[in-house]
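*Asks:* with the sequence up front, the predicted model follows.
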Amino acid sequence: MVSSPHSWASGSTKLDPGTTGYHDLSDGIALHSLRLFSIYVGAFRPWCAVPHLYHSPTPLPPVTRTFPTSCGMDDCELFRDQLATTYPRYGHALWNPSPTRSDRPVEVGDVGFIRWGTFHRLFNALLPADDSSHELGLPEGYKPLAPSLTNHINRRPFRCGHYCSDKICVESVPDYHDRYLPSASDVFIVLTSFSPNDFPKLSFLRPGKQKGAVLYLPVDTRREDTIAQGDFGKWMIEHIDSSFNFARRLGLGIEQMEQIILVTGCDRATSWINVAFLGNHDNARVSFGVRITDPDGPNTTINFQLQPGNVQGAVLNHGPQGTVR
C-alpha cells in the first residue's frame, strides 16, 4: 500500500551484499530495498491536494482534517508493523503516503528516507545526473542505475477495500458493495443499519486494549514494481557508502545506513483512510461514512463523512475527497 519503498512492496526489506532477494529487517549492512504500500498519487480536480500521476496546471490546496490525526513516530511504526504482520508481501505501509511535493510523486528508483510516516526523496537512481529534479545534489561518483531490461516496471491493478491487521472487527451496512469487503484473514464482519440519509458507513473495532491498523482504499489502485531486482541489488551494493555519506552531508539526521531507502515498487492510490489503534482504550472503535460515485467510470467521486466523536482509542488520517480520474 503508498508508499514503494514498497502507500506495500515486499514488506520492510533490506538487501545484504551478495544477495538479490528480499529479507526481513535484521542487523547488517543495508541500503534498504523497499516497497511502499499505498502511495498517494491521484489525478484530482482543483479542490483536492495531492500529487497526481497526470500533472495539472492548477495548484492543489491542502487537505482539511477535523479529527485526531497526530501520529508520533511510535504510532507510525505501529501502523506499519501491524499491517506488515498480516500482509508481509505488500511492503511498507506509510501513515502519510502523500509525497512531500505535489509535483513529484514517488517513483520506482527513488532514493530517500522515511520519517514520521512520510517518504522524503533525495534523488532518483534511474535518472541521469543532470536531471532537473536532483535539486539537492548527488552522491560522489554517482552513476545512474541502468537495468538490463528497458521496460522493467511491471504495472497491474490492486483491488480496493479495507486491509486490516489481525482480529479487527468490521461493521458495514447491508448490501454494501462486495468489492469493499476485507480480504484479510481473521476479520469478523457484522452488518448494521444506519439512517438512509447518511453515507454508507464502515466501523472498525479492536476488542480489548490491543493495537491494530486499518488501511482503507475506496477505489482500485495501480501497483508498480521493478522486475530487475538483480540490477537494483548490484546498484545498491555499489552505492551504499556514497549514498549514506551524501545524506549525512545534507544534515538530515541520518545516522544509520539502513535509514536510506531505494524504492523498488509502490501502490498508487487516489485516496485512502489510515487508522492506527493505539492499544490504550478498551474496545477502541473508528467509524466513518464513504460515498463513491461511478467507481469504475471516468468521473469517479469520493466523499468521506468524518466526525471527531467517531474516533475512539485511535488516530485517523485520510486522503483528499472529490472527483478523481
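*Replies:* That came in fine, so what should we check first?
*Asks:* part of a helix, is C76?
*Replies:* Yes - assigned with DSSP: H, G, I helix; E, B strand; the rest coil, C76 falls within a helix.
*Asks:* name the nearest residue to it, ignoring sequence neighbours.
*Replies:* In this structure, C76 finds its nearest non-sequential neighbour in G117, 3.6 Å apart by CB to CB, 6 or more residues apart in numbering. Placement of C-beta: from N, CA and C, glycine included.
*Asks:* against L78, how distant is the one you found?
*Replies:* To L78, G117 is 10 Å away according to CB to CB, to the nearest Å.
*Asks:* likewise L127?
*Replies:* As for L127, its distance to L78 is 34 Å (criterion: CB to CB).
*Asks:* my read is that A129 contacts L138, right?
*Replies:* Yes - using CB atoms under 8 Å, A129 makes contact with L138 at a distance of 5.8 Å.
*Asks:* show me which of the two is the more surrounded one.
*Replies:* L138 (20 against 11; other CB atoms under 10 Å).
*Asks:* ok, that one - contacts?
*Replies:* 123, 129, 246 (CB atoms under 8 Å, 6 or more residues apart in numbering).
*Asks:* pull the contacting residues for the last one.
*Replies:* Each residue near F246 by CB under 8 Å, 6+ apart is listed here: 122, 137-140.
*Asks:* now, of the residues you listed, which are buried?
*Replies:* Buried by 16 or more other CB atoms under 10 Å: 122, 138-139, out of those.
*Asks:* list just the nearest of those to G322.
*Replies:* Nearest to G322 out of these is L122 (CB to CB; 30.9 Å).
*Asks:* neighbouring strands - and their directions - for the helix or strand harbouring the closest one?
*Replies:* Following DSSP states H and E, one finds L122 within strand 118-124. Strand pairing for strand 118-124, determined by DSSP bridges: strand 110-115 (antiparallel).
*Asks:* how much space separates the residue nearest to C76 from N274?
*Replies:* Distance of G117 to N274, given as CB to CB: 9 Å.
*Asks:* would you confirm that T264 contacts D231?
*Replies:* No - with contact defined as CB under 8 Å, T264 does not reach D231; the gap is 10.7 Å.
*Asks:* those two: which is more packed in?
*Replies:* T264 (32 against 17).
*Asks:* run a quick neighbour tally on the closest residue to L126 other than its chain neighbours.
*Replies:* With sequence-adjacent residues excluded and distances taken as CB to CB, 6+ apart, L126 is closest to G109, at 3.5 Å. G109: 21 surrounding residues under other CB under 10 Å.
*Asks:* ok, now A125?
*Replies:* Counted with other CB under 10 Å, the neighbours of A125 add up to 24.
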